[in-house]
Structure formats: structure tokens, C-alpha cells
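**Student:** Could you look at this predicted model? Sequence included:
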Amino acid sequence: MISMLNRLILACLLLPWLWTTAVAQSVSFPDLGTSIPGHQDVTYLDLARMIIPDLKMGTDGLYGGPLPIEIRHIEGPDSGGSPPPTSNLPNAAVLAIKAGGKDRLTMLFDLGDSPDSAEGYAVLALYDITGKPALLDAVNVAVDRSTYFRDPGKLSIGPDDDVLITMSTHFNSNQGYVATPLIMVRNDRFEPIDMIYTFDENLCAYRRTQNVALQTIAGGQPYAAIKVTVTEATVPSGESCDEPPPEASSHDISVTYHWDKVTSRYGKDSDAFERLSAENAKRF
């Protein structure tokens, strides 16, 4: 299992991306023992126990527990693995959002490696804390070993709604793999919009990066359009290597998602990201 130190290193290396829309509230990592907003008698631990019912603090100061409740994977029933037999949590990522004009709270729990797949297991939970706190929905959003909210965690698609952005990743000595799910909330249920796969490599002769930026385009009804741009940049290292370096270059790959009233889903205007993923797979 990847250590918590390695998870923190991953977060520091892979989260500082450019985002074009600012948000008023960002992701936080409160101690699970602290009270949630507006409820002095309810803690984040109480919310976490709606996912892992027997979650308790151990002698090491970490919260641990057995299996979580049964949940679906964000990509569907054929995706994802099983949760680890036990989970250790120093904390959880917390993000307040708007969904259907209502105030909602989300929490992301990275429970570690799945025992029957190469992916980890990470629960994204949706709560209503405007009255008596209630769990509304929960999904497994892990598509790689370690999972986080991708900064800033959400994108406003209107005055009443936010889209959530998570990321799953792993890296080896010279390659980094990142999957970025875009997730919306409708009728207090998580719904996938798309999964964007990017790939970085750092070789002797050059470094190639694929950075992601998102922005909304005004005018969409009832939800704004979402433009996602992957900027691929290649920078020669200047080192003497066995292979000649490629030329320095930078180009953008963009896809715009528009709300389709007929299907009640976001649709994209091209298959550019599928082609990018196929090209990246040849470099693995």
C-alpha cells in the first residue's frame, strides 16, 4: 500500500494546475473529530461513519475501520475493485458545493489500494447538512492508485450548480499517469460527465507534460458549457543522451461539453481526448 507520505508527495507534485475559474470555497482537511458547520454536536467523524460504520481512532492517531458500505463505481458496475479489508484515514477532503440550488457538503475518502485490482478505492460522499445530517449518495471515484480533489475541486456551471473535479494518479521513475473525472450532481445523485486521461514523461532527452485547464462558457441553459484544454508541452533537456531530443513544442487540445436537453446529459464536441489517450498509450 502506498504510504501516506507518498500520497502527500503525489499531491504536491500533481495538484498545482492552472484553473481559469475561481471559487469562493476551497478543499479543506479538517480533523475528523471537529464539529461540522452549524452542528456543534455532529463531527466529520459522524459523517465518515455513514460510510465506514465502525470507524475509530487507533493508538497511532489515525482513524481506522473495516469495510465501508456497499457503493457503486462512478463509471458503472463493470468498473472498480473491492475496498481494502481495513482503512486508515488521517483525515478526509471536504468541499462545500451547490447542487440544484441547495447547499451540499462533499467528502472524499481515499481508503487505499483495492485488493483485486491495480486501482485504489476512494469514496466520494454527498451530504445534506442543512438540517439533521444525511448521506445522500456515495460513489467510488478511484481509477488509479491515489485519488484527490483536483484543485480547486469544483467548477461553477451556474448560480445553483457546481461540477466536481477529482483526480486519480500514480507515477514511476519517469512517467506520470493522471485520470481526471468530471462529475455533476443531479437530484442529489452523482453523475459522470467524462474521464480525461493525461500522461507526463521525463526522459533523458526531454520532458513532456500534459496540463489540464477548465473554464465555463456563459449562455448554456440550464447549465453552462464546459471547455477543457490539455496543453501538451515538450522541452528538450539539453543533456547528452542516446537518442536525439525532439524539438521544443507546445500545443492545446480542447473539448467543449454542452448540455443536451434531449438526453439530459453533457455531450462533447469532439473525440480529441480519446485520440490523445490512444496516442499516450503507445508511449507507456
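**Tutor:** Okay, I see it.
**Student:** Quick check: beta-bridge partners of Val163?
**Tutor:** Leu155, Met184 (DSSP bridges).
**Student:** Distance of it relative to Arg265?
**Tutor:** Distance from Val163 to Arg265, counting by C-beta to C-beta, to the nearest Å: 13 Å. Glycine gets a C-beta too; all of them are placed from N, C-alpha and C.
**Student:** what does Leu182 give?
**Tutor:** Distance from Leu182 to Arg265, by C-beta to C-beta: 12 Å.
**Student:** So the two - more neighbours on which side?
**Tutor:** Higher neighbour count among Leu182 and Arg265: Leu182, with 21 against 14, using other C-beta atoms under 10 Å.
**Student:** Wait, the more buried one touches Ile226, no?
**Tutor:** Yes - contact criterion C-beta atoms under 8 Å: Leu182 and Ile226 qualify, at 7.1 Å.
**Student:** For Lys227, which non-adjacent residue is spatially closest?
**Tutor:** Spatial nearest neighbour of Lys227, chain neighbours left out: Thr256 (4.7 Å); criterion: C-beta to C-beta, 6 or more residues apart in numbering.
**Student:** Please settle this for me: is Ala179 part of a helix?
**Tutor:** No - assigned with DSSP: H, G, I helix; E, B strand; the rest coil, Ala179 falls outside any helix and is strand.
**Student:** so where is this protein shaky, pLDDT-wise?
**Tutor:** Counting by pLDDT under 70, the chain has low-confidence residues at 1-25, 220.
**Student:** Which elements pack onto the helix or strand Ile97 falls within?
**Tutor:** Using DSSP states H and E, Ile97 maps to strand 93-99. Applying 3 or more C-beta pairs under 8 Å, 6 or more residues apart in numbering; DSSP states H and E, we find strand 93-99 packed against strand 102-113, strand 146-158, strand 161-171, strand 175-186.
**Student:** still on that earlier bit, joint contacts of Val163 and Arg265?
**Tutor:** The contact sets of Val163 and Arg265 overlap at Ile193 (C-beta atoms under 8 Å, 6 or more residues apart in numbering).
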